[in-house]
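Asker: test case, fold it:
(chains A, B and C)
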Amino acid sequence: MSQFWLVKSEPDECGIDDFVAKRNGVIRWDGVRNYQARNFMREMQVGDEVYLYHSSCADIGIAGTLRVARTAYPDPLQFDPESTYFDPKADPEQPRWTSVDLAFVSKAQSVLSLAKLKQMPALQDSHLVKRARLSVMPLSAAEWAAIAQALSH
DNA sequence: GCCAACGTTGGC
DNA sequence: GCCAACGTTGGC
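Answerer: Residues are numbered from 1 along each chain as shown, chains lettered A, B, ... in the order given. Coordinates of the predicted model:
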C-alpha cells in the first residue's frame, strides 16, 4: 500500500526548482544523518508520494510534490572523504546511511507556509507540527489529503 | 545571529 | 546505564 511522506531541505541545497530542472529524471536524496529519518527512508516504496518542504529560507513551507523512484540504498556520500556528509565510522560492509531517489511530480503555485500548516486542525498531531527537527517523516492519509486541499486553493 | 529543542557522544 | 557536554536543526 502506498504511503505518504514529507521531506525537508534547504532550497539552496536542493529545492523544488532543482526537481523541475530534472523533470524527467530523479535526484538522489542523500545526506540524511539522523537515525529516525533514515529508518523512515528505509520504509519508502516506489510510487509513494512525498511533499517537499523548504526549510531555513525566506519562504518556509511545502513547495511541491515528489514521488519515490527508487527504494533505499547506501548513501554514497558516507564513504566520500571529500563530502561534508562523510562518516568515518561508516563501513562499506555495513552501511549506516541511506539514500532514496525522488522524482518531480508538481510544484506548488505558491508555497504553503508553515504558519498555515500550523493552523490546520488536521495537522495538530503531525510530526511536522509537534516534533521539531525531523527531516523525513510519514504523513497519514488524512494529513496528506488536508495538505493537498490547502495546496489546491 | 540567537536560541530552544533534541540527538549524539563519551566519561564514569 | 546515567547524564553532562556538545553539536545540529531550523524558526524567528
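Asker: you'd agree residue A:23 is in a helix?
Answerer: No - counting by DSSP: H, G, I helix; E, B strand; the rest coil, residue A:23 is not found in a helix; it is coil.
Asker: now do the contacts for it.
Answerer: Listed by C-beta atoms under 8 Å, 6 or more residues apart in numbering, the contact set of residue A:23 reads residue A:104. C-beta: built from backbone N, CA, C; applies to glycine.
Asker: if we use 10 Å, what do you get?
Answerer: Taking C-beta atoms under 10 Å, 6 or more residues apart in numbering, we find residue A:23 in contact with A:103, A:104, A:105, A:107.
Asker: can you pull the contacts of the third one?
Answerer: This means residue A:105. By C-beta under 10 Å, 6+ apart, the contact set of residue A:105 is A:19, A:23, A:49, A:50, A:51, A:52, A:64, A:65, A:66, A:67.
Asker: tell me, what's the model's pLDDT at the second one?
Answerer: Think residue A:23. Note for residue A:23: predicted pLDDT of 87.
Asker: who touches the lowest-mean-pLDDT helix or strand in chain A?
Answerer: Lowest by mean pLDDT, DSSP states H and E among the helices and strands of chain A is helix A:127-130, with a mean of 89. Contact with helix A:127-130 is made by A:6, A:8, A:36, A:40, A:51, A:53, A:62, A:114, A:117-120, A:123-124, A:134, A:136-139, A:143, A:147, as judged by C-beta under 10 Å, 6+ apart.
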